[in-house]
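>>> sequence and computational prediction follow.
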Amino acid sequence: MQAFVINEPGVCGLIDSAEKSHINADQVLVKIKKVGFCGSDLNTFRGLNPIVSYPRIPGHEIAAEIVEVGAEVPAELKVGAKVLVLPYTTCGECWSCLSGRPNVCKNNQTLGVQQDGGMTEYLAVDHEKIVANLDELSFSQIAIVEPLAVGCHAARRAEGQAGETMLVFGCGMVGLGAVLKGSDDGATVIAVDIDDSKLDLARKFGATHTINSRTENLENEVLRLTDGHGATVAIEAIGFDQTFVAAVDLVAFCGRVVYVGYVKDKVAFDTKQFVMKEIQIRGARNAVKQDFIDVLDLMKRLDLPIESLISKDVPLAGAAEALKSWSDNPAAITKILVSFDQH
């Protein structure tokens, strides 16, 4: 059984891993069909992921097919079903789990990050981490649900509603998920990026307005589009110190700010904005099962340009070259899929 592994920063390739996993009574064995490379995988390759150890099999954006079921698995999970794998673990004992927010589990072990992931031919998965009934979707669609679900969760944390204005910084996969959810909830979405092609995608995912912050005055445009109030909700989905600050500066008085991006260094704020505006600042981490279900529902209901999100679809043998090329030119890539049925 072959797997793709990142051995150490800058070094990756294929290995012959162990035989197919043996499953427990409450598990299913899935055959991997497609896996998406995530920004965390890129950071692992670059040596910039502080929570990963090496060597590591990456992959938490997983589309698969059930090939074996354990004796205690519910009957609706059948051999041959197309499925999505939920990549997070929950301990059930920390305060987050006890509070009904398992996506923030203190002891979470995400596939491909704190534990080996899905970029291998077969994977044993607890049946509770499987989402099925996906036969009308392609494996490519299923493989890009996870990052969209993370953005969907950020929008859920923002609680954007009809009549509100949602400002989304960053139109990568996570930002597009926030745009999609915010728009579907009835908010007027303003998407911000420095890449016109990504802004074009944001419009197709529901953004009413777009701003290229490299060529346009961001503050002037936001105030113009919001009658001088600022956005009622701001979501930071890219992870730059400038946009962390801009989210606070450009949100309206008594507005809400949600951070889903990470900034490596410390960020300096004018803290009087927090008090003067009486804003709420929230974090958003991972996604809950309902976020995945919501994205899948939106894919089924809406005519989304899913294929436009996929920059490359390569066979397993081409995974190393694809990851290295992404590292060399990250701005050129929206999503790379690795297909296990290609040779």
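In hand now; what should we look at?

>>> residues near the nearest residue to residue 21 once chain neighbours are set aside, how many?
Spatial nearest neighbour of residue 21, chain neighbours left out: residue 124 (3.8 Å); criterion: C-beta to C-beta, 6 or more residues apart in numbering. Heads up, the C-betas are built off the backbone N, CA and C, glycines and all. Residue 124 is flanked by 15 other residues according to other C-beta atoms under 10 Å.

>>> paired strands for the longest strand seen in the chain, with orientation please.
Ranked by number of residues, the top strand in the chain under DSSP state E is strand 27-37. Strand 27-37 pairs in its sheet with strand 61-69 (antiparallel), strand 122-126 (antiparallel), strand 336-339 (antiparallel), by DSSP bridges.

>>> just send the ones you listed back as a markdown table, with distance to residue 212 too.
Output for these, formatted as a markdown table (distance: least, C-beta to C-beta, whole Å):
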| stretch | distance to residue 212 |
| --- | --- |
| strand 61-69 | 28 |
| strand 122-126 | 41 |
| strand 336-339 | 24 |
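
>>> distance to residue 294 and mean pLDDT added to the ones you listed, as JSON lines?
Below are the strands paired with strand 27-37 laid out as JSON lines (distance: least, C-beta to C-beta, whole Å; pLDDT from 0 to 100):
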{"stretch": "strand 61-69", "distance to residue 294": "17", "mean pLDDT": "97"}
{"stretch": "strand 122-126", "distance to residue 294": "21", "mean pLDDT": "95"}
{"stretch": "strand 336-339", "distance to residue 294": "22", "mean pLDDT": "97"}
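
>>> nearest to residue 292, of these?
Comparison of the strands paired with strand 27-37 against residue 292 by C-beta to C-beta identifies strand 61-69 as nearest, at 11.2 Å.

>>> look up the residues forming beta bridges with the residue nearest to residue 21.
residue 29.

>>> correct me, but it touches residue 22?
Yes. The pair residue 124 / residue 22 is scored as a contact, 7.1 Å apart, by C-beta atoms under 8 Å.

>>> report the contact partners of the residue nearest to residue 21.
21-24, 27-30 (C-beta atoms under 8 Å, 6 or more residues apart in numbering).

>>> again, 6 Å this time
21, 23, 27, 29 (C-beta atoms under 6 Å, 6 or more residues apart in numbering).

>>> pick out whichever of those residues sits closest to residue 292.
Ranked by distance to residue 292 (C-beta to C-beta), those are led by residue 27 at 19.1 Å.

>>> what is the burial count for that closest one?
By other C-beta under 10 Å, neighbour count at residue 27 equals 22.
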